[in-house]
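[1] everything below, folded, please.
(one chain, ligands or ions: 1)
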Amino acid sequence: MWRATVITIFPEMFPGPLGASLAGKAQAKNLWALEPVDLRAFAPDKHRIVDDTPAGGGPGMVMKPDVLARAIDAHACDARPRLLMSPRGLPLTQARVAQLAAGPGIVVVCGRFEGVDERVIAARNLEEVSIGDYVLSGGEPAAIVVIDACVRLIPGVMGKAASSAEESFARSLLEYPQYTRPKAWEGKAIPDVLLSGDHGKVATWRQAEAERLTRLRRPDLWAAHLAGNAAKATKG
Ligand code: SAH
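    This next block holds a predicted model:
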């Protein structure tokens, strides 16, 4: 079973949103398991201290390497990739999510304060992962994002497997606009082509809209899409 171990000083933040909806139902069906680990349980002193002042001075506190390593060694010494949530990390992509979802699970270390001691990152082979160019107060919301993205790709979790192959990023384009009833709403109609019943025309319209939105909103993705098409064309 796909398993997510989360090392955190706030185990009470879990399952949180992961206990509801798709992820919650999938957990109840034993399609995956969540194991929050309380980092403070691995602090040797009676005050359960997990942080200390930064070497070299400066504001804030740094998470201690010895306490973190003890928690990892007790709960996460297996084949699963070990991620450290970090604004300095490689940005998370759908491609990486798909790899993680296809494996045995993940271990997620949630930072707090100013971050973690650099030495434990190398010593325990932690992969630094960012969920975007902004700073959270802690790694827990980021861990929930990563786990949510993985869990929905586990076989049996999503109703229609097809919906994941078509959606944004799976094909390097943003998704086309969606509509549902009522047919007319606040004076605005659903595009005629979507009501035409002509599947070919619908597919062509959706492709054109996906391309238009990607070009407009995400020049970076659009360039990658064009480069991908060019590579396919030369491969024949
Ligand atoms: N001083 C750090 C920020 C620490 S924020 C710096 O400037 O880089 C505290 C913790 O929140 C981090 O250790 C990390 O675990 C988490 N965090 C903050 N922003 C994040 C992001 N964009 N992606 C992933 N984790 C993040």
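
[2] what is the neighbour count of the closest residue to residue 126 other than its chain neighbours?
    Nearest residue to residue 126 in three dimensions, chain neighbours excluded: residue 84, at 4.0 Å (Cβ to Cβ, 6 or more residues apart in numbering). C-betas here are computed from N, CA, C, even on glycine. One way to gauge burial is a neighbour count; for residue 84, by other Cβ atoms under 10 Å, it gives 25.

[3] one more: residue 79?
    Neighbour count for residue 79, taken as other Cβ under 10 Å: 7.

[4] so it touches residue 104, yeah?
    Yes: with contacts counted by Cβ atoms under 8 Å, residue 79 reaches residue 104, the gap being 5.7 Å.

[5] residues of this structure that sit close to the ligand?
    Taking Cβ under 6 Å from any ligand atom as the criterion, the chain approaches the ligand at residues 85-88, 110-112, 114-115, 130-132, 134-136, 138-139, 142.

[6] residue 87 belongs to a strand?
    Yes: residue state for residue 87 (DSSP: H, G, I helix; E, B strand; the rest coil) corresponds to a strand.

[7] from the residues of the chain next to the ligand, keep the buried residues only.
    Of the members of the residues of the chain next to the ligand, the ones counted as buried by neighbours, 16 or more other Cβ atoms under 10 Å, are 85-87, 110-112, 115, 130-131, 136, 138-139, 142.

[8] out of the residues of the chain next to the ligand, which sit inside helices?
    For the residues of the chain next to the ligand, the ones inside helices are residue 142, with DSSP state H as the criterion.

[9] now the residue nearest to residue 126, which residues is it bridged with?
    Residues in a beta bridge with residue 84, per DSSP bridges, are residue 109, residue 128.

[10] helices along this structure, start to end?
    With DSSP H as the definition, the chain shows helices at residue ranges 21-28, 65-75, 94-102, 118-123, 140-151, 162-166, 199-217, 219-235.

[11] report the buried residues of the last one.
    Neighbour-count burial for helix 219-235 flags 221, 222, 225 (criterion: 16+ other Cβ under 10 Å).

[12] tell me the one of those nearest the ligand?
    residue 221 (19.7 Å; Cβ to the nearest ligand atom).

[13] what sits against the closest one?
    172, 173, 174, 214 (Cβ atoms under 8 Å, 6 or more residues apart in numbering).

[14] now the second one: closest residue in space that isn't a chain neighbour?
    Nearest in space to residue 173, with sequence neighbours left out and distances taken as Cβ to Cβ, 6+ apart, is residue 210 at 4.3 Å.

[15] likewise for the first one?
    Closest residue to residue 172 apart from its sequence neighbours, by Cβ to Cβ, 6+ apart: residue 225 at 4.5 Å.

[16] for that neighbour, give its distance to residue 232.
    Shown here: residue 225 relative to residue 232, a distance of 11 Å by Cβ to Cβ, to the nearest Å.

[17] where's the dip in pLDDT among the contacts of residue 221?
    Least confident by pLDDT among the contacts of residue 221: that is residue 172, with 86.

[18] taking the chain, what residue is nearest to the ligand?
    Per Cβ to the nearest ligand atom, the residue of the chain with the smallest distance to the ligand is residue 111, at 2.1 Å.

[19] and the residue lying closest to residue 11 once chain neighbours are set aside, what does it touch?
    Once its chain neighbours are removed from consideration, residue 11 has its nearest residue in residue 36; the separation is 4.0 Å (Cβ to Cβ, 6+ apart). Contacts here follow Cβ under 8 Å, 6+ apart; on that basis residue 36 touches 5, 6, 8, 11, 13, 14, 15.
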